[in-house]
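Undergrad: From the sequence below, what's the structure:
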Amino acid sequence: MPRWDVTLITKKLKSSSSRFLDILLWVCTSILALSLRPLWEPDEARYAEIAREMVATGDWLTPHLNGVLYFEKPPLQYWISALSIQCFGANDWAPRAPLVIAVGLCIWASRKITRLINPSSIGWPSLALLSSLMGFTMSQILTLDALFTSFLMMSLAFFLQSEVAGEARPRLSIMAVWTFLGLAFLTKGPVALVLFVGSLFIYGLIYQGGFSSFQLLRRVVRWEGILLFTAIVLPWFWRVNQVHPGHSYFFFIYENFIRYTTNEHARQGSDIWIIDKSYFILFLLAGLIPWTRFTLVGLWEMKPILMSRKPLAANSPDHLRRLLFIFSIWVLAFFSLSGSKLPPYIYPVLLPLLLLVTTHESSESAPLKQTFIGFELILLGALLLGYLCLKLSDAPSFYLAFALLSIFIVAGVFLRITYRPSTKILATVLFLPMVGLLLTFHILSDYIAPQSVKKWVIQSPANTEWVSFGTYFQGITYYSKKPCRVVAGTGELRFGKERLSSEEAALRFYEKPTQIEQALADTQRLFPEAPIRMIAKVKIWKLIPQGIQDQWIILDQNQDLNLLLAPRNASQPPPNTR
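TA: Residues are numbered from 1 along each chain as shown. Model (predicted):
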């Protein structure tokens, strides 16, 4: 029997069972999870607020954040969230609609690629993805990376389909490749082309060499595909640069080229070079839990295939495996060399790696791999329970959360002591810990996300004027549905601030913490009848002179933030405080 006909832990899911499992994964990790908790700072609240402002202003061309221009990313995800908000209102779950699409497309791409490589493994790659620490987390938190990754995976799936078709490559598959690449570009920018096209070139360079290095690229680069890609991408970029000259330079040069080649945004993994370049490797190993050792052993077993330069037919499963491997390595290497690093960047690595190891299984090592998964579930459960006991022991639902997180330990022990359980039991045991974690998010939402500002904002009077101190708290504007003043936290709003008139910018943004008195005076002058509240980062607020701190009334606080009420009358600061 060929090795690729032996499936994950020697278990084969029936077609109906795999479909049911994938639907269950999709519903539980995305649809049912949408409204279980408030929007978290900063990413979720940011992307929700941009979409809300599109609906509120009717301007679907130009993204705004806190009422100013925001051009860090293209608009596709904003449009999807805005459509959802327009249909269902500005609540916690409507802006998360892109997550439903992203999870669904990743599962679809997983099934499509698995059918091409090893149909008997269908269901396992998507289960591995959404039961891994990073895969589950990315299915829960609204970022651009989830939707971007799903479009990239669909492009990859259709390209692999065209490879299996051989010389009779269907035009529709190539068109689909370019369609999803266009959508990925319109979600996060030119990195979509760099990752996809770069992986094909590197594959040719390693496994084909010479002039043949461009062979894969020639198969996918067709005039009709490029024309379709251009039709998807060009209109918005062209129009927005017409309306706002300078957008192209800011986005393509500053936000992409300069961000990648420098530490301009201070997002390097570490100031130590070797740690900085290993940053994503460490995060990937952690993000794969409980599939980390499983993945490493699987890659080692495939070493003869991946290291050999023997030519393979385009429809060979091993050719497709090599493509998945090169794509994963290229994405990991590309972002590791970047001067700007955030953990979600390497999400596109996860599914290709898990597809590799779950569709190529050795029956001899399968029981051993089962114990690997069990050990890592126990380890992850112990870490989560330790954090719960140390940080959240005073939470009202502590014991319920403890019981839910204990599922990790129970599942891990089961996999360690049980020899080859039935397929359905195995799938259930792998799925249940993430259900427990999902429910824990729900019952402890006010404790595990201390920077979710929803509770403070919605419990304040509707006419409250808000000040954000120490950083820009995105949720203030989303839940209050109006801009706030920002003191010592302009950050990503700088581009938009610089395009305001000097008078308007001076009334909305205050660069120094000591300008809090000026911000208060301006707000009281403009809104004399409105109560003024401020959410402040504790560590920045402590830098303010005690006399100024004492003027504000602390309404609520946690370890990171203070909710403060302004004094009724603020004296005018000296003229030179600006």
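Undergrad: Which phi and psi values does residue 555 adopt?
TA: phi -90, psi -30 (degrees, to the nearest 10).
Undergrad: That one touches residue 561, doesn't it?
TA: No. Residue 555 sits out of contact with residue 561 when judged by Cβ atoms under 8 Å, with a separation of 11.3 Å. Glycine gets a C-beta too; all of them are placed from N, C-alpha and C.
Undergrad: Of those two, which one has the most company?
TA: residue 561 (23 against 14; other Cβ atoms under 10 Å).
Undergrad: can you give me the strands in the stretch 51-200 of the chain?
TA: Secondary structure of the stretch 51-200 of the chain by DSSP state E, counting those that start in this stretch: the strands cover 64-65, 68-69.
Undergrad: Outside of the last one itself, list whatever touches it.
TA: Where contact means Cβ atoms under 8 Å, 6 or more residues apart in numbering, the residues beyond strand 68-69 that reach it are 62, 63, 244, 493, 495, 496, 497, 499, 500, 508.
Undergrad: Report the strands that pair with that strand, each with its relative direction.
TA: Strand pairing for strand 68-69, using DSSP bridges, gives strand 64-65 (antiparallel).
Undergrad: what's next to the lowest-mean-pLDDT helix or strand in the chain, contact-wise?
TA: Ranking every helix and strand in the chain by mean pLDDT, DSSP states H and E puts helix 445-448 at the bottom, with a mean of 72. Contacts to helix 445-448, defined as Cβ under 8 Å, 6+ apart, come from residues 36, 37, 38, 392, 395, 440, 441, 452, 455.
Undergrad: care to break the chain down by domain?
TA: Structural domains assigned to the chain are 3-37+92-358, 366-448, 454-577, following automatic domain parsing.
Undergrad: same question for the last one, mean pLDDT?
TA: Same thing as domain 454-577. Domain 454-577 comes out with an average pLDDT of 90.
Undergrad: How far off centre is the least confident helix or strand of the chain?
TA: Here the centre of helix 445-448 is set off from its chain's centre by 20 Å, with Cα atoms, centre = their mean, to the nearest Å.
Undergrad: do stretch 335-349 as well
TA: Using Cα atoms, centre = their mean, the offset of stretch 335-349 from its chain centre is 11 Å.
Undergrad: In it, which residues are buried?
TA: For stretch 335-349, the neighbour count (16 or more other Cβ atoms under 10 Å) marks 335-336, 338-349 as buried.
Undergrad: Check stretch 158-174 too.
TA: The neighbour-count check on stretch 158-174 (16+ other Cβ under 10 Å) flags 158, 159, 160, 161, 162, 163, 164, 169, 173, 174 as buried.
Undergrad: May I have the residues that are in contact with the residue lying closest to the fourth one once chain neighbours are set aside?
TA: Nearest-residue entry for residue 161: residue 173, 5.0 Å, with adjacent residues in sequence omitted and distances by Cβ to Cβ, 6 or more residues apart in numbering. Residue 173 makes contact with 158, 159, 161, 162, 165, according to Cβ under 8 Å, 6+ apart.
Undergrad: Which one among those residues sits at the bottom for pLDDT?
TA: Minimum pLDDT across these falls on residue 165, with 85.
Undergrad: out of everything not next to it in sequence, what's closest to it?
TA: Excluding the flanking residues, the one nearest residue 165 by Cβ to Cβ, 6+ apart is residue 173, at 6.9 Å.
Undergrad: Could you measure from the one you found over to residue 108?
TA: Look at residue 173 and residue 108: by Cβ to Cβ, to the nearest Å, they are 15 Å apart.
Undergrad: picking that back up, of all the domains of the chain, which lies closest to residue 48?
TA: Closest of the domains of the chain to residue 48 is domain 3-37+92-358, at 3.6 Å (criterion: Cβ to Cβ).
Undergrad: Run the chain-centre distance for the closest one.
TA: 13 Å.
Undergrad: Narrow the buried residues of stretch 335-349 to those in helices?
TA: Within the buried residues of stretch 335-349, residues falling in helices by DSSP state H are 335, 336, 347, 348, 349.
Undergrad: roughly how far apart are the second one and residue 281?
TA: When you say that, I think you mean residue 336. Distance, residue 336 to residue 281, by Cβ to Cβ: 7 Å.
Undergrad: buried set for stretch 390-400?
TA: Buried residues in stretch 390-400 (16+ other Cβ under 10 Å): 392, 395, 397, 398.
Undergrad: what sits against the spatially closest residue to the last one that is not a sequence neighbour?
TA: If I follow you right, that is residue 398. Once flanking residues are discounted, residue 398 sits nearest to residue 392: 6.4 Å by Cβ to Cβ, 6+ apart. By Cβ under 8 Å, 6+ apart, the contact list for residue 392 reads 398, 401, 444, 447, 448.
Undergrad: Quick check on the residues you listed: which are buried?
TA: 398, 401, 444, 447, 448.
Undergrad: which one of those residues is nearest residue 547?
TA: Using Cβ to Cβ, the buried ones among the contacts of residue 392 come closest to residue 547 at residue 447, 33.2 Å.
Undergrad: Burial check on residue 494, number of neighbours?
TA: Neighbour tally, residue 494, other Cβ under 10 Å: 12.
Undergrad: And the furthest pair within the contacts of helix 445-448?
TA: Pairwise distances across those (Cβ to Cβ) peak at 18.5 Å, for the pair 440 and 455.
Undergrad: Settle it for me: which of the two has more neighbours?
TA: Counted by other Cβ under 10 Å, residue 440 and residue 455 do not tie: residue 440 has more neighbours, with 23 against 15.
Undergrad: Could you give the separation of the host helix or strand of the more buried one from the chain centroid?
TA: Residue 440 belongs to helix 423-443 when assigned by DSSP states H and E. How far helix 423-443 lies from its chain's middle: 21 Å, per Cα atoms, centre = their mean.
Undergrad: I'd say residue 412 and residue 378 touch.
TA: Yes. Counting by Cβ under 8 Å, residue 412 touches residue 378, with 3.5 Å between them.
Undergrad: So between these two, which is more surrounded?
TA: residue 412 (24 against 19).
Undergrad: Mind listing residues that contact the helix or strand containing the more buried one?
TA: Using DSSP H and E, residue 412 maps to helix 398-417. Residues outside helix 398-417 that contact it (Cβ under 8 Å, 6+ apart): 290, 370-371, 373-382, 384-385, 388-389, 392, 395, 421, 429-430, 432-433, 435-437, 439-440, 443-444.
Undergrad: Check the gap between the closest residue in space to residue 61 that isn't next to it in sequence and residue 179 for me.
TA: Of all residues not flanking residue 61 in the chain, residue 240 sits nearest, at 5.9 Å (Cβ to Cβ, 6+ apart). Counting by Cβ to Cβ, the gap from residue 240 to residue 179 is 21 Å.
Undergrad: ok, now residue 524?
TA: In terms of Cβ to Cβ, residue 524 sits 53 Å off from residue 179.
Undergrad: In helices only, show me the buried residues of stretch 158-174.
TA: Those of the buried residues of stretch 158-174 lying in helices (DSSP H): 158, 159, 160, 161, 162, 163, 164, 173, 174.
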